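A.B. asks: build the 3D model from these lines:
(3 chains)
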Amino acid sequence: MDGNASNDESCNIDWDTDDEREIGNFPPSSSSSFSVPNGDVNAGSGEGCSSAGSAKFRLIYDMKFPEELVLKAIEQSGETEDFESILETVLVLQALENSPEPQKNVPSDQCSSAYDDGFLDDLSDSDSWCESSIADATNAESAEDQRVLALTNMEYSVEEALIAIDRCGPGASVAELTDFITAAQMAKADDVFYKELPDESKKKRKLYELEVLKKKKRERGAYVAAEDNETIRLPIPMVGFGLPTAEGSTVIHRNLPEAAIGPPYFYYENVALAPKGVWDTISRFLYDVQPEFVDSKHICAAARKRGYVHNLPIDKRFMLVPLPPRTIHDALPMTKRWWPSWDTRTKLNCLQTCIGSARLTDRIRKALENYEDDPPKNVQKYVIDQCKKWNFVWVGRNKVAPLECDEVEMLLGFPKNHTRGGGISRTDRYKSLGNSFQVDTVAYHLSVLRDLFPGGINLLSLFSGIGGAEVALHRLGIRLKNVVSVEISEVNRNIVRSWWEQTNQKGTLIHIADVQKLNADRLEQYMASFGGFDLIVGGSPCNNLAGSNRHHRDGLEGEHSSLFYDYFRILDLVKCMMNRR
DNA sequence: CTCAGAATGAGTGTAGCG
DNA sequence: CGCTACACTCATTCTGAG
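C.D. replies: Reported below is the predicted structural model:
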């Protein structure tokens, strides 16, 4: 076994160009965000040819706006008889009526406080956002319009309605939306802490809502001022803040922003190749910490380009032992015998949630059987392209095959049969594994916790999946005292529960299915019972960020990926509660 | 109903080249 | 620098068999 990767291009990392790199913080970026011109506040196509009279009727009787408001709006709308325009005016008037005092159901630290603490001074177009957000509501497609209106008629604010639609997805019913809003309100009402928080936290919260509104604006094709002068770039090679090598590790320093420093430690993960601006947003929310982008191909035999935002120390990291196999041949020795010389892969591509079909491998076999020797270049190219696309490996003469489940488990650093049994289907195993951490990579980052917490840690694990973080910590020899794990999928919870029992964990495992249910009350309970969380890990859903998604690559505001904001919500809550102790 | 197979590109970043 | 070609991507939806 010639374990040395003879022609492994990716290992030629230039480690000694500079022994010491300084990683600066982000420049404050809020000043460049929000310039929304006033010109684009038109009421869509305005295809409705209703007269002002019927508009008045609908607005008063159908939508239950006060008559005097509607009359005033019609008066102000002047020449237009467009229903949409009048509706827009009504909404603006209504918002103006409400604006001097905090809107109903909205805690005082929401909209108005931003003005008090001078946050909006940072914005280039400070006085237009509120107005444009209202205009946004009327720019919406009619279905969304109706729901916004329904909600505003139920005395929710336009902002709340918009955020709810954003978060619950375009298909959400009014009932679902009201559920979301009331849940959010309860969470906010619980947050008595926020009232006595430093300005920084209020700003963050405001920023959260502004971000949603801004995204909305952008989705509708509205012009948003160029902010690409400081977008986050991916490093080449993608080795994060440094990886261990035979030559030794580079010494790197970084200065965390003040607001980012723990407790608790946090660790957030998602796909590196997300749509433009996503990582800027994530980083801004997570206390302006610069993401660490790592491709796991530098650590194991499969590529996995991921970004990690965390406030962990980055010196004195160490790798899990035994070290993972670093080439396909080391990981899957039996493939070596059949591997043709013209397939020069040494690393697999990203392990995803779907595998190639039997029919495709059969087509490849048939294409190759026509030749005694090496096939012609064009056939080679076809085969290689398919192999790279589906991560096929060679299991016989002219025979390629997708990876088996247990092989994926091994490549990702999980114990064998981790996802096996318990009624899980093969398809679901691939899906759960494809959505998981690469354990060795994550463990390398988390390794610094071993010396910091010799007695073990209390872990809050959001979007746990099949427990990549738990497995990583366990393999590092970090005792898990109390683990609160949030995971929507029942099969995944079963997998973690089963692993927990098999590894004879002495700590306590608490499972929660719905991240929305994890509010300040419950957090307070947990923290009172075992005294705070040491680490908050989470890889929020990537569905709407991942390049493989042809249908709904909607960015951070997508149906699933917007759960990132719950990660932030919970992290920020815990952070505030910890600081009060 | 579950399960597996098959069809379904766009967005993003990089390398190469004149 | 601008252009082009190329490589890669934690997926969703539909269909059909059992």
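A.B. asks: quick check, the residue in chain A closest to DNA strand B?
C.D. replies: Closest residue of chain A to DNA strand B, C-beta to the nearest atom of the strand: A:S357 (2.1 Å). Heads up, the C-betas are built off the backbone N, CA and C, glycines and all.
A.B. asks: that residue and DNA strand C, how far apart?
C.D. replies: 11 Å (C-beta to the nearest atom of the strand, to the nearest Å).
A.B. asks: so for that residue, what's the pLDDT?
C.D. replies: Predicted confidence (pLDDT) for A:S357: 92.
A.B. asks: same check on A:G262?
C.D. replies: 82.
A.B. asks: A:C542 now?
C.D. replies: pLDDT, A:C542: 97.
A.B. asks: surely it meets A:E269?
C.D. replies: No - between A:C542 and A:E269 there is no contact, the gap being 9.1 Å when judged by C-beta atoms under 8 Å.
A.B. asks: neighbour-wise, which of these two wins?
C.D. replies: A:E269 (26 against 21; other C-beta atoms under 10 Å).
A.B. asks: sec struct for A:D343, please.
C.D. replies: coil (DSSP: H, G, I helix; E, B strand; the rest coil).
A.B. asks: distance check, it against A:R304.
C.D. replies: With distances taken as C-beta to C-beta, to the nearest Å, A:D343 is found 21 Å from A:R304.
A.B. asks: neighbour count for the two, which is higher?
C.D. replies: Set side by side, A:D343 and A:R304 show more neighbours around A:R304, with 24 against 18, by other C-beta under 10 Å.
A.B. asks: contacting residues around stretch A:379-398?
C.D. replies: Applying C-beta atoms under 8 Å, 6 or more residues apart in numbering, the contact partners of stretch A:379-398 are A:302, A:328, A:332, A:334-335, A:338-340, A:342-343, A:345, A:348-349, A:351-352, A:355-356, A:360-361, A:364-365, A:367-369, A:371, A:374-375, A:400-403.
A.B. asks: please tell me the pLDDT value assigned to A:S112.
C.D. replies: 29.
A.B. asks: can you give me the helices in the stretch 251-400 of chain A?
C.D. replies: Using DSSP state H, counting those that start in this stretch, the helices of the stretch 251-400 of chain A run over A:278-285, A:328-331, A:358-369, A:377-390.
A.B. asks: as CSV, these with distance to A:W500 and mean neighbour count would be great.
C.D. replies: Below are the helices of the stretch 251-400 of chain A laid out as CSV (distance: least, C-beta to C-beta, whole Å; neighbours: other C-beta atoms under 10 Å):
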stretch, distance to A:W500, mean neighbour count
helix A:278-285, 30, 22
helix A:328-331, 27, 20
helix A:358-369, 35, 14
helix A:377-390, 33, 15
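A.B. asks: rounded mean pLDDT for the helix or strand encompassing A:A161, please.
C.D. replies: Element membership for A:A161, per DSSP states H and E: helix A:158-168. Per-residue pLDDT over helix A:158-168 has a mean of 71.
A.B. asks: mind checking pLDDT for the residue in chain A that DNA strand C sits nearest to?
C.D. replies: Here chain A gets closest to DNA strand C at one residue, A:G547, 1.9 Å apart by C-beta to the nearest atom of the strand. Model confidence at A:G547, given as pLDDT, is 96.
A.B. asks: surely it meets A:L273?
C.D. replies: Yes - judged on C-beta under 8 Å, A:G547 makes contact with A:L273 at a distance of 5.8 Å.
A.B. asks: these two - which one has more neighbours?
C.D. replies: Neighbours were counted for A:G547 and for A:L273 using other C-beta under 10 Å; A:L273 has more, 15 against 12.
A.B. asks: could I get the contacting residues of that one?
C.D. replies: Counted by C-beta under 8 Å, 6+ apart, A:L273 has contacts A:234, A:305, A:547.
A.B. asks: near DNA strand B, list only the ones from those residues.
C.D. replies: For DNA strand B, the contacts drawn from those by C-beta under 7 Å from any atom of the strand are A:234, A:547.
A.B. asks: what parts of the stretch 351-500 of chain A come near DNA strand C?
C.D. replies: A:352-354, A:385, A:388-389, A:434-436.
A.B. asks: for A:E470, state which of the residues you listed is nearest.
C.D. replies: Ranked by distance to A:E470 (C-beta to C-beta), these are led by A:S436 at 11.3 Å.
A.B. asks: can you report how many residues lie near the closest one?
C.D. replies: Neighbours around A:S436, by other C-beta under 10 Å: 28.
A.B. asks: same check, this time on A:L286
C.D. replies: Neighbours around A:L286, by other C-beta under 10 Å: 24.
A.B. asks: now it, nearest residue through space, not along the chain?
C.D. replies: The shortest distance from A:L286 to any residue other than its chain neighbours is 4.7 Å, reached at A:V309 (C-beta to C-beta, 6 or more residues apart in numbering).
A.B. asks: what's the answer for A:W500, then?
C.D. replies: In space, A:W500 is closest to A:L509, 5.0 Å off (C-beta to C-beta, 6+ apart).
A.B. asks: tell me the secondary structure at the one you found.
C.D. replies: Going by three-state DSSP: A:L509 is strand.
A.B. asks: and it, bridged to which residues?
C.D. replies: A:V483 (DSSP bridges).
A.B. asks: per-residue pLDDT, it?
C.D. replies: For A:L509, the pLDDT comes out at 98.
A.B. asks: what about it, neighbour count?
C.D. replies: 20.
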